[in-house]
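> Could you work out the structure for the sequence below:
(one chain, ligands or ions: 1)
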Amino acid sequence: STGLMKGKRGLVMGLANDKSIAWGIAKACADAGAEMAFSYQGEALKKRVEPLVASIGMSEIIECDVGSEESMDAVFARLKEIWGSIDFLVHAIGFSDKNELRGRYVETSRQNFLMSMDISVYSFTAVCQRAAAMMNPGGSLLTLTYYGAEKVMPHYNVMGLCKAALECSVKYIAEDLGKDGIRVNAISAGPIKTLAASGIGDFRYIMRWNELNSPLRRNVTQEEVGKAALYLLSDLGSGTTGECLHVDAGYHVVGMKAIDAPDI
Ligand code: NAD
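Residues are numbered from 1 along each chain as shown. Take a look at the predicted model:
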């Protein structure tokens, strides 16, 4: 343990199972000495989340549907009750109807567009409002995004628009909360096989493409996202806010791979 997060308390939102990016981040923070509470969505996930949280020596788990203001209020009221203040927050939540995460973006329905924006974008602003109100100076807020915000990726569709809006909200919130010494950042993770990712069309092909075409010639792991999160959430990242840090084996810098590359 590095002790980097010793004395820091935070909320991790979006833990579904041991493949979740939230889990990679939680493990890295636990190793560094953080104390954490976890929110999960729906009773069905509780029995999966409970033993995971116990395995890193924590126990505070709270139900939260980010589509509901009351549900979010209840989570922060609980944190206020047990801790009084918090030092960090991880938002690892996104959702869209998987029938619209395949085929053409142009077919997107109004209903799914608004729902995806609500759950995947507005929810970060909503938790930042509540977290900032009880955050210590030096506080850090983190969300997860994807390259589909920047360039067209097959099947990412409405989630690409959601991530573009999410990345922009990181910049606006960074400005708003910077005066209070609170930092706000995003990690743009390369493709990782998780529950949410399995809803995206041809996801195996996207992973393979990334593996063949990224500078590191491989995919990233949830542990690597966890290590980058540790930088942004701890005092190592004290000079960084409004940033979107790519943890994608370098994929985002490649325009085209050279024809003489040995592995095409
Ligand atoms: P995951 O399925 O493990 O996590 C997604 C989480 O969102 C789940 O815990 C789910 O319960 C939660 N969620 C969905 N709707 C919710 C709601 N209404 N209220 C509360 N929680 C809700 O998958 P993941 O890949 O770990 O996703 C975490 C984040 O990482 C997402 O924002 C995703 O877009 C992002 N991301 C994932 C990848 C990837 O390849 N897996 C790449 C880049 C970014």
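
> Direction included, what does the biggest strand by length in the chain pair against?
Of all segments of type strand in the chain, defined using DSSP state E, the longest is strand 135-145. Strand pairing for strand 135-145, using DSSP bridges, gives strand 86-91 (parallel), strand 183-189 (parallel).

> Of all the ones you listed, which one is nearest the ligand?
Comparing those by their distance to the ligand (C-beta to the nearest ligand atom), the top pick is strand 183-189, with 3.8 Å. Any C-beta I mention is one placed from the backbone N, CA and C, and that applies to glycine too.

> what helices or strands is the next helix or strand after the closest one leaning on?
Next along the chain after strand 183-189, taking DSSP states H and E as the criterion, comes helix 203-213. Of the remaining helices and strands, none touches helix 203-213 by 3 or more C-beta pairs under 8 Å, 6 or more residues apart in numbering; DSSP states H and E.

> From the chain's centroid, how far away is helix 203-213?
Between the centre of helix 203-213 and the centre of its chain there are 21 Å (C-alpha atoms, centre = their mean, to the nearest Å).

> Pull the residues that contact the helix or strand following that helix.
Next in sequence after helix 203-213, counting helices and strands by DSSP H and E, comes helix 222-233. If you take C-beta atoms under 8 Å, 6 or more residues apart in numbering as the criterion, helix 222-233 is touched by 4-5, 8, 10, 19-21, 23-29, 32, 34, 88, 90, 140, 142, 144, 183, 185, 187, 189, 192, 194, 236-237, 240, 243, 245, 247.

> near the ligand at all, the helix or strand that helix 222-233 is followed by?
Next helix or strand after helix 222-233 toward the C-terminus (DSSP H and E): strand 244-247. No - judged by C-beta under 6 Å from any ligand atom, strand 244-247 and the ligand are separated, with a smallest distance of 8.9 Å.
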